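[1] Okay, sequence plus prediction incoming.
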Amino acid sequence: MKLATLKDGSRDGQLVVVSRDLSLAHYATGIASRLQQVLDDWGFLSPQLQDLYDELNNGRARHAFPFDPAQCMAPLPRAYQWADGSAYLNHVELVRKARNAEVPESFYTDPLMYQGGSDDFIGAMDDIVVPSEAMGIDFEAEIAVVTGDVRMGASPEQALDGIRLVMLVNDVSLRNLIPAELGKGFGFFQSKPATAFSPVAVTLDEIGEAWRDGRVHLPLQSSWNGRKVGLCDAGEEMTFHFGQLIAHIAKTRNVRAGSIVGSGTVSNKGVERKGGGMDWPKGYSCIAEKRCIETIQDGQPSTEFMYYGDTIRIEMKGPDGRTLFGAIDQEVVAPGARERAAAEALKAQALARSQAAAEG
């Protein structure tokens, strides 16, 4: 089934069931009003939502309405935990190579993860609001899972059983703030602003045969300012699968229902050119990786980070060509930019009316 949360003026929104083709939705009010309720009592509530989902897809849901991704909050608008990994070691290798540094051996046996803010997620079509362009604004196209309860000490295989839902992620990074933060020896904080998620979260059966070995074996597409820059395979080169990432968290603590675990930037290895050198035909899922490739090839980066007015679209389609999760489709803006634009528009309308009255 496919689930979303619609904006209703509250912090947690209103849970809806969405049709497989993402054309229709139906409020889940009679079953649960919020997604966290469902995650807390998955065994009892998810079968009821599945029944509603089946009715919706079969045209029997009496109060269905058109689904509008622009009205979506993140599927889980605030979560008890957001832990993001770096499961695609090609990404780490490129970053290290661009700095002429070696990847520590431990990175190949133990997942690298950080704990992000989870109190203020944003919807798939909400603006990316950043105080300054000088902060080095970057998108990061990723996949994430939402868990049920996973006990401390769970094995990777046991952890896989705790996965309830899958989503897409734009883990926005402010690259120019990262060096100083990491230099303090503690990790990301201000360099990781609000994270955006796909309009819908889906159960594993919706992904079908593409879900295997704890990975989503489908391409993840990134389009920056309308130009496709990445079509990276999310499956084969994921070094640590989601069961391993969850088990890593659960090594010293319980993982509770409603925890979100990210894959890190989806990244694929380059291929050797005839005559020497390397190409990256599948592109990139973040600008930082493109800059690393340029540094390796040319000695310095040439691609700049995002500016106000830039857009990013992140989407994954199934074998049938249909979008699975809906698209993350965002614009970078300055704080208050929308409000100022609306105020200017109102002023212009008022001026036009007064001029028309004077001429009349």
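    Yes, it's here.
[2] How much space separates Glu93 from Asp329?
    30 Å (C-beta to C-beta, to the nearest Å). Placement of C-beta: from N, CA and C, glycine included.
[3] Looking at the two, which one has more neighbours?
    Asp329 (19 against 16; other C-beta atoms under 10 Å).
[4] Now that one: phi and psi?
    Backbone torsions for Asp329, taken as degrees, to the nearest 10, come to phi -140, psi 100.
[5] since we're on the nearest residue to it once chain neighbours are set aside, how many residues are nearby?
    Closest residue in space to Asp329, ignoring its immediate chain neighbours: Arg313 at 4.8 Å, by C-beta to C-beta, 6 or more residues apart in numbering. A count of neighbours around Arg313, defined by other C-beta under 10 Å, yields 20.
[6] could we number from 47 for the rest of this?
    Shifting the count to begin at 47 puts that one at Arg359.
[7] so who does Arg359 touch?
    Counting by C-beta atoms under 8 Å, 6 or more residues apart in numbering, Arg359 makes contact with Gln267, Ser268, Ser269, Gly272, Ala373, Ile374, Asp375, Gln376.
[8] One more pass at 6 Å, please.
    Ser269, Ala373, Asp375 (C-beta atoms under 6 Å, 6 or more residues apart in numbering).
[9] which among the residues you listed gets closest to Asp251?
    Nearest to Asp251 among those: Ala373, at 21.5 Å, using C-beta to C-beta.
[10] Relative to Leu98, which of the contacts of Arg359 is nearest.
    Ala373 (24.1 Å).
[11] Name the residues of the helix ranked longest in the chain that are buried.
    As assigned by DSSP state H, the longest helix anywhere in the chain is helix 383-405. Within helix 383-405, no residue counts as buried by 16 or more other C-beta atoms under 10 Å.
[12] now do stretch 354-366
    Asp356, Ile358, Arg359, Ile360, Glu361, Met362.
[13] one step back: among the contacts of Arg359, which one lies nearest to Gly89?
    Nearest to Gly89 among those, with distances taken as C-beta to C-beta, is Ala373, at 31.6 Å.
[14] wait, isn't that closest one in contact with Met362?
    No - using C-beta atoms under 6 Å, Ala373 is not in contact with Met362; the gap is 8.9 Å.
[15] Just confirm Pro157 is within a strand.
    No - using DSSP: H, G, I helix; E, B strand; the rest coil, the assignment for Pro157 is coil, not a strand.
[16] Return the residues in contact with it.
    Contacts of Pro157 by C-beta under 6 Å, 6+ apart are Gly131, Phe286, Leu291, His294.
[17] who's in contact with the closest residue to the third one other than its chain neighbours?
    If I follow you right, that is Leu291. In space, and not counting its chain neighbours, Leu291 is closest to Gly131: 4.7 Å by C-beta to C-beta, 6+ apart. In this structure, Gly131 makes contact with Pro157, Met159, Leu291, Gly310, judged by C-beta under 6 Å, 6+ apart.
[18] Which element, helix or strand, includes the residue positioned nearest the centre of the chain?
    Nearest residue to the geometric centre of the chain (C-alpha atoms, centre = their mean): Val215, 0.4 Å. Assigned by DSSP states H and E, Val215 belongs to strand 209-216.
[19] For that strand, give me every contacting residue.
    121, 185, 188, 190-192, 194, 242-244, 247-248, 308, 360, 371, 374.
[20] Tell me where the protein has helices.
    81-86, 88-103, 135-144, 202-206, 224-229, 250-253, 288-295, 333-344, 383-405.
[21] Tabulate these in TSV, adding columns for mean pLDDT and distance to Val62.
    TSV is the format used below for the helices of the chain (pLDDT from 0 to 100; distance: least, C-beta to C-beta, whole Å):
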stretch	mean pLDDT	distance to Val62
helix 81-86	98	10
helix 88-103	98	10
helix 135-144	90	34
helix 202-206	98	27
helix 224-229	92	37
helix 250-253	97	16
helix 288-295	98	25
helix 333-344	94	34
helix 383-405	84	25
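[22] For Gly316, find the nearest of the ones you listed.
    Closest among the helices of the chain, using C-beta to C-beta: helix 333-344, at 7.5 Å.
[23] That closest one packs against which elements?
    On a contact count with 3 or more C-beta pairs under 6 Å, 6 or more residues apart in numbering; DSSP states H and E, helix 333-344 meets helix 135-144.
[24] Show the low-confidence segments of the protein, by residue range.
    Scanning the chain for pLDDT under 70 picks out 406.
[25] Kindly recompute the last result at 50.
    Low-confidence segments of the chain (pLDDT under 50): none present.
[26] Any idea what the residue nearest to the centre of the chain is bridged to?
    Glu188, Phe243 (DSSP bridges).
[27] and the gap between it and Ala280?
    For Val215, the distance to Ala280 - C-beta to C-beta - is 11 Å.
[28] before we move on, what about Pro115?
    Counting by C-beta to C-beta, the gap from Pro115 to Ala280 is 21 Å.
[29] More neighbours: which of these two?
    Ala280 (25 against 20).
[30] ok, how many other residues are close to the residue lying closest to Glu361 once chain neighbours are set aside?
    Distances taken as C-beta to C-beta, 6+ apart put Ala373 closest to Glu361, at 4.1 Å, once the chain neighbours are dropped. Using other C-beta under 10 Å as the criterion, Ala373 is surrounded by 20 other residues.
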